[in-house]
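S.K.: sharing a sequence plus its predicted fold:
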Protein chains: 2
Amino acid sequence: MIIGELARLAGLATSTVRYYEEIGLLPRAARASGRRVYGYETVNRLTVIAFAKQAGFTLAEVRQLLDGSASESRTGVRWRKLAAAKLVELEALEAQIGTMTSLLKEALRCGCVDLELCGKIVK
Amino acid sequence: MIIGELARLAGLATSTVRYYEEIGLLPRAARASGRRVYGYETVNRLTVIAFAKQAGFTLAEVRQLLDGSASESRTGVRWRKLAAAKLVELEALEAQIGTMTSLLKEALRCGCVDLELCGKIVK
DNA sequence: GTACGACTTCAAGTACGCTTGAAGTCAAGA
DNA sequence: TCTTGACTTCAAGCGTACTTGAAGTCGTAC
């Protein structure tokens, strides 16, 4: 499989696939007359990457997640630790959004016309 | 008041205040022998900016919020519309975080060792 | 008068996740 | 053979919100 087909299967741009290789998210692909050649396992890897992105991991974190070097990676402890930490992050984010929402609602409840004169903000 | 004092009062770096002027968030300050001179109203403006940022507005949106040109700005309708729209955005964001959390929890519930072989992700 | 800190402008750098462009190579179809 | 489209590398650009650096000016204290 060449990059175009891989990208189609994964729903990505070819430039993205190259970028992932460049930042070490994908192992350097073998080349056949200069072109990258892939097996189906790379589709799986891209699926996992997409999943992790959706779950809120940055690409650098995804690299950690997929990194197979440590002993923990053989037991599945590694990614579980990272996932648990991300859950905590998400909780914090949720709380922050709650705060933003409260702030907005409070301002909306104020009858002021000009934000710069709003007693709930400027005090 | 000169930039250093304003920045101290607002809890910002002087570079940030200059940046805000550059992008039009603050009106261009008058200069006295080359230096920016401010009145206290600028502190209020920076307070509103900080509030809006906390509430999730981008700086470009804050500019909209503070923009006094339209007729709506005299009635307070303008910022209320923007705030209501932001509330909707925040709801969407919250939902997305809920999705991320579910994804993570589901993966954690799976007994798999290798994410690339996890049936809940790769399928 | 000189040292010092705070100020000035302008340009470039940072992080993140890509995309875009230039210039060139390769394989398949007409 | 020639065209076409997909590929290659390498470098630079985008958006957001700033920060940093260079090179120079200003005001105050000594």
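M.R.: The structure has been received and is ready for your questions. Residues are numbered from 1 along each chain as shown, chains lettered A, B, ... in the order given.
S.K.: A:L9 and A:N44 touch, don't they?
M.R.: No. Applying CB atoms under 8 Å, one finds A:L9 not in contact with A:N44, separated by 10.3 Å. Placement of C-beta: from N, CA and C, glycine included.
S.K.: higher neighbour count, the two?
M.R.: Applying other CB atoms under 10 Å in any protein chain shown to A:L9 and A:N44 shows that A:N44 carries more neighbours, namely 18 against 15.
S.K.: pull the contacting residues for that one.
M.R.: A:N44 is in contact with B:116, B:122, counting by CB atoms under 8 Å, 6 or more residues apart in numbering or on different chains.
S.K.: and the gap between it and A:Y20?
M.R.: 14 Å (CB to CB, to the nearest Å).
S.K.: residues contacting A:D67?
M.R.: A:73, A:78.
S.K.: I'd like the distance from the residue most central in space within chain A to chain B, if you could.
M.R.: A centroid search over chain A (CA atoms, centre = their mean) returns A:K53, at 2.8 Å, as the residue closest to the centre. Separation of A:K53 from chain B (CB to the nearest CB, to the nearest Å): 10 Å.
S.K.: the lengthiest helix in chain A close to DNA strand C?
M.R.: Scanning chain A for the longest helix, with DSSP state H as the assignment, gives helix A:77-109. No. Residues of helix A:77-109 contacting DNA strand C under CB under 7 Å from any atom of the strand: none, with a closest distance of 12.4 Å.
S.K.: mind giving me the packing neighbours of that helix?
M.R.: Helix A:77-109 sits against helix A:59-66, helix B:41-54, helix B:77-109, with contacts defined as 3 or more CB pairs under 8 Å, 6 or more residues apart in numbering or on different chains; DSSP states H and E.
S.K.: now the residue nearest to the centre of chain A: closest residue in space that isn't a chain neighbour?
M.R.: Leaving out its chain neighbours, the residue that sits closest to A:K53 by CB to CB, 6 or more residues apart in numbering or on different chains is A:V62, at 6.7 Å.
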